[in-house]
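[1] Okay, here's the prediction I keep looking at, along with the sequence it came from:
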Amino acid sequence: MKSEERLMCSALWYCDDKQYEGQPINIESGFVVCGHRHHNCFATLVATMGYGNYTKSLITQGFLTTHNIFLNRKRSKELAIRIGQVGNGHNGRLYSEDLK
C-alpha cells in the first residue's frame with residue numbers, strides 16, 4: 001500500500017530539453033535540483049553551472065513529492081491544501097516555510 005503523497009522539499013526544474021538519468025518520474029527532459037528552501041536549489045544550480053551560465057526562463061520553481069514527482073508551485077499548493085500540509089492562515093503563493 002502506497003503512503004499518502006506529501007511535499008518533501010523545494011525544487012527547481014531546469015528544462016533544457018536534454019535527457020538525464022535519475023530524474024523525478026514525471027520529468028522527461030531537463031533536470032531537477034532539490035533543497036531545503038528554493039534559495040538552496042538556486043545555490044546548487046549556480047555552483048554546478050556557474051553564475052549567469054543558465055537561462056532563467058528555463059526554470060520552473062516547485063516542490064518534489066514523497067512519490068518522486070515534481071509539482072510546480074500552483075499544483076504543490078493544491079496538494080498541500082488538500083492534505084492539510086499548510087496552516088489555515090495560508091494564502092497566496094506557496095513557500096517552503098508554509099509547510100507543516
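    Noted; the coordinates are in hand.
[2] burial measure for the residue nearest to I25 when sequence neighbours are not counted, as a count.
    Leaving aside its sequence neighbours, I25 sits nearest to N68 (C-beta to C-beta, 6 or more residues apart in numbering; 5.3 Å). The way it works is simple: take the backbone N, C-alpha and C, and place the C-beta from them, glycine included. When neighbours are defined as other C-beta atoms under 10 Å, N68 has 15 of them.
[3] any idea what N68 is structurally, helix, strand or coil?
    Classification of N68 using DSSP: H, G, I helix; E, B strand; the rest coil returns coil.
[4] And the pLDDT for it?
    Per-residue confidence (pLDDT) for N68: 98.
[5] again with G50
    Listed pLDDT for G50 reads 89.
[6] if we can go back for a sec, G35 versus the residue nearest to I25, what's the distance?
    For N68, the distance to G35 equals 16 Å [C-beta to C-beta, to the nearest Å].
[7] now E28
    Shown here: E28 relative to G35, a distance of 22 Å by C-beta to C-beta.
[8] Which one of these two is surrounded by more residues?
    G35 (18 against 9).
[9] Quick check: the more buried one touching A43?
    Yes. Assessed by C-beta atoms under 8 Å, G35 is found in contact with A43 at 7.4 Å.
[10] all strands of this structure, in order?
    Using DSSP state E, the strands of the chain run over 7-14, 31-35, 59-65, 70-72.
[11] With distance to G52 added, can I get those strands in CSV?
    Converted to CSV, the strands of the chain look like this (distance: least, C-beta to C-beta, whole Å):
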stretch, distance to G52
strand 7-14, 14
strand 31-35, 17
strand 59-65, 13
strand 70-72, 24
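[12] Can you say which of those strands is nearest to L99?
    Counting by C-beta to C-beta, L99 lies closest to strand 7-14 out of these; the figure is 5.9 Å.
[13] For that closest one, enumerate the helices and strands it packs against.
    Contacts defined by 3 or more C-beta pairs under 8 Å, 6 or more residues apart in numbering; DSSP states H and E place strand 7-14 against strand 31-35, helix 38-49, strand 59-65, strand 70-72, helix 73-83.
[14] looking at the strands of the chain, which is closest to A80?
    The minimum distance between A80 and these falls on strand 7-14, with 5.8 Å, by C-beta to C-beta.
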